[in-house]
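Student: Mind looking at a prediction? Sequence and model below.
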Amino acid sequence: MRAFNAELSKLFSLPGIWLAFLIGAFAPAVFTALDSIAEKEEIIAGVSTRLSEVGYIGLSFGVQGVIILGVLAVSSEYLTESSESGGGQQITTSLTVVPSRLHFLLAKAGAVTVISILLCIVAIMTTVSATHLILGEYAPAFEWSRLIGAVCYWTFTALLAFGITVLTKNGIIPLAVLMINSSVVSFSVLLSKITKLAFYLPDRAGLDMFMFTSDKFHTPSTGGLVMFAWVAVFFIVAAIVFHRRDVAS
Amino acid sequence: MLTINNLVKHRGTQEILSGISFKARPGRVTGFLGPNGAGKSSTLRILLGLDRATSGSALINGKRFAELHHPLATIGAALDGFGAHRMRTGRAHLRWIARAAGLSRSRVEEVLEIVGLTNAAGKRFGNYSLGMGRRLGMAAALLGDPKILVLDEPVNGLDPQGIRWIRTFLRERAASGNTVLLSSHLMGELAETVDDVVIINRGKIVADGTLEEVIGNHSTLEEAFFALTSENAGDVI
């Protein structure tokens, strides 16, 4: 529990994390507001085909915030100090304070999980408010099951980012790949045009927890399970590598 | 008491430590000397559980680092590089460490006071000078008020007052029965501070004893150091 508290304390005292909070908490609402304005006329006329996506598409985009969170939580440990000051890394301090590496990793993953859940709840509140503000009585009703799906999607994505960064020890590659994948071009969506196996990739499967689009492949619970399996595999591999790795290597 | 017993470390095909053994005893300041790349930092990292030994052991009061229940209250370490994130303030850095070790916030202020960093505690670590970074590292090592201190190049980058302060401070710690192990390549400085000397060269211990024993017939510690380390280096060229 102490290690978990320390991880929370580390995250909150890192300026980069506030960017993650800002994006996570408000980007979905802004995105949803713009989308709602664009769709407003069709929704009022009752001809919109995208009513079921309103809000959720913003939430699928806002996952960027927790990607930053998951990556930074790990990459900040490996950020190298200037060579003048000895080129040290925070990880040396972390592991002399919490000697058990598994314990350390679990505490950190726990902190990332808790913050992701809270951040997604805030995002849901701002997003739902945005739709009500713009669409008024035409705003779609949000179902609890789908919103919980969105929370799971955010948390799993954060943990995937976390696990990948433990392996790379550097934030730039996972940050670039995951952020591009969740905003500009989704590799798994492209791949799914070619092979059905792409529906089993973590982001594509995870989206089925709350994005009820026409090309939906899994039920929400299978989608969630598939994504969770990816998270578990990455976490176990990361834990094994982290356990065996010399800090100096 | 720190006990290094037949420690071997391979990295790839390279042998970094070839079976080194020595002790650092309570009530004494032990100097760990060697040229750059001799294996000092590797030894200290294995002692602190950061790197794995290929074979042999490095024990703290008879236990491996990972087996310590309260690591921070048992052994305080300041390694080369300070292990702090450059965007965090000095105070925030010490606070998360205190939190992980179950220590109070007031203890953070105490150690900041001890190392003379109270006024700079609100500045980001990235803006610290080398000397300030060194003091922050010392503060972190002292948080749990440990009986054992392990310091890698503690006087590097310190101003004359800082050096004098470290020296007096370490002498006081040892005088009250604590164990102090410090690595350095500053010979003159070390001779003023240590009781025992361990010299490492190319992953092997080449001298181990009290300061007087190691100096032996040489005029200074520096003379003894060069005699001992260049003898071993002689087989290369």
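Tutor: It's in.

Student: where does chain B come near chain A, residue by residue?
Tutor: Residues of chain B lying close to chain A by Cβ under 8 Å from any Cβ of the partner chain are B:11, B:41-42, B:45, B:48-52, B:65-66, B:68, B:71-72, B:77, B:79-89, B:92-93, B:95-97, B:99-102, B:128, B:130, B:133, B:140. Every C-beta, even on glycine, is put in place using the N, C-alpha and C of the backbone.

Student: surely A:Phe156 meets A:Ala229?
Tutor: No: A:Phe156 lies out of contact with A:Ala229 (Cβ atoms under 8 Å); the separation is 10.0 Å.

Student: the more surrounded of the two?
Tutor: Applying other Cβ atoms under 10 Å in any protein chain shown to A:Phe156 and A:Ala229 shows that A:Phe156 carries more neighbours, namely 27 against 14.

Student: Now do the contacts for that one.
Tutor: Counting by Cβ atoms under 8 Å, 6 or more residues apart in numbering or on different chains, A:Phe156 makes contact with A:202, A:206, A:224, A:227-228, A:230-231.

Student: same thing but at 6 Å, please
Tutor: A:206, A:227, A:231 (Cβ atoms under 6 Å, 6 or more residues apart in numbering or on different chains).

Student: Write the ChimeraX selection for whichever of the residues of chain B next to chain A are buried.
Tutor: The following ChimeraX line selects those of the residues of chain B next to chain A that are buried, judged by 16 or more other Cβ atoms under 10 Å in any protein chain shown:
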select /B:41,42,45,48,49,50,51,65,68,71,72,77,79,80,81,82,83,84,85,86,87,88,89,92,93,95,96,97,99,100,101,128,130,133,140
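
Student: Out of the residues of chain B next to chain A, list just those in strands.
Tutor: B:11, B:77 (DSSP state E).

Student: Going by distance to B:Gly188, which of the contacts of A:Phe156 wins?
Tutor: Nearest to B:Gly188 out of the contacts of A:Phe156 is A:Val231 (Cβ to Cβ; 55.9 Å).

Student: so which strand or helix has that closest one?
Tutor: Using DSSP states H and E, A:Val231 falls within helix A:220-244.

Student: Is that helix positioned near chain B?
Tutor: No: between helix A:220-244 and chain B, judged by Cβ under 6 Å from any Cβ of the partner chain, nothing touches; the nearest distance is 7.7 Å.

Student: one step back: out of the contacts of A:Phe156, which one has the weakest pLDDT?
Tutor: Among the contacts of A:Phe156, A:Gly206 carries the weakest pLDDT, at 91.

Student: Verify the assumption that it is located in a helix.
Tutor: Yes: using DSSP: H, G, I helix; E, B strand; the rest coil, the assignment for A:Gly206 is a helix.

Student: wait, it sits on A:Met227?
Tutor: Yes: using Cβ atoms under 6 Å as the test, A:Gly206 is close enough to A:Met227 to be in contact (3.7 Å).

Student: Could you give the number of residues near the residue lying closest to B:Thr3 once chain neighbours are set aside?
Tutor: Excluding the flanking residues, the one nearest B:Thr3 by Cβ to Cβ, 6 or more residues apart in numbering or on different chains is B:Leu59, at 4.6 Å. Other residues lying near B:Leu59 total 16 when counted by other Cβ under 10 Å.

Student: host element of B:Leu59?
Tutor: Per DSSP H and E, B:Leu59 falls inside strand B:55-60.

Student: Need the CA coordinates for that strand. PDB is fine.
Tutor: Taking C-alpha atoms only, strand B:55-60 is exported to PDB below (Å, rounded to 0.1, in the frame of the first residue of the first chain):
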ATOM      1  CA  SER B  55      27.700 -15.800  -8.600                       C
ATOM      2  CA  GLY B  56      28.800 -14.900  -5.100                       C
ATOM      3  CA  SER B  57      26.900 -12.700  -2.700                       C
ATOM      4  CA  ALA B  58      26.700  -9.200  -1.400                       C
ATOM      5  CA  LEU B  59      25.100  -9.100   2.000                       C
ATOM      6  CA  ILE B  60      23.800  -6.400   4.300                       C
END
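
Student: Does B:Lys9 touch B:Thr54 like I think?
Tutor: Yes: counting by Cβ under 6 Å, B:Lys9 touches B:Thr54, with 5.3 Å between them.

Student: give the contact list for A:Gln89.
Tutor: A:78, A:80.

Student: sorry, back to before: ok, residues contacting the helix holding A:Val231?
Tutor: Helix A:220-244 is contacted from outside by A:101, A:105, A:149, A:152, A:156, A:159-160, A:163, A:166-167, A:200, A:202, A:205-206, A:208-209, using Cβ under 6 Å, 6+ apart.

Student: for stretch A:7-22, same thing?
Tutor: A:65, A:68-69, A:72, A:76, A:107-108, A:111, B:87-88, B:92, B:96, B:99.

Student: from those residues, which single one is nearest A:Gly46?
Tutor: Nearest to A:Gly46 among the contacts of stretch A:7-22, with distances taken as Cβ to Cβ, is A:Gly65, at 33.5 Å.

Student: Helix, strand or coil: sort out B:Phe32 for me.
Tutor: Going by three-state DSSP: B:Phe32 is strand.

Student: next one: A:Asp35
Tutor: helix.

Student: Number of residues surrounding it?
Tutor: Using other Cβ under 10 Å, A:Asp35 has 20 neighbouring residues.

Student: pLDDT at it, what is it?
Tutor: Predicted confidence (pLDDT) for A:Asp35: 90.

Student: Then B:Val236?
Tutor: On the pLDDT scale, B:Val236 is placed at 43.

Student: repeat for A:Thr165
Tutor: 97.

Student: Run the chain-centre distance for stretch B:65-77.
Tutor: Its chain's C-alpha centre and that of stretch B:65-77 lie 14 Å apart, by Cα atoms, centre = their mean, to the nearest Å.

Student: Can you give me the neighbour number for B:Val29?
Tutor: Neighbours of B:Val29 (other Cβ under 10 Å): 26.

Student: again with A:Ser192
Tutor: If we define neighbours as other Cβ under 10 Å, then A:Ser192 has 18 of them.

Student: ok, it to B:Gly116 distance?
Tutor: Per Cβ to Cβ, to the nearest Å, A:Ser192 is found 61 Å from B:Gly116.

Student: wait, what's in contact with B:Lys147?
Tutor: B:Asn178.

Student: Could you rerun that using 10 Å?
Tutor: Counting by Cβ atoms under 10 Å, 6 or more residues apart in numbering or on different chains, B:Lys147 touches B:1, B:26, B:60-61, B:73-76, B:173, B:176-180.
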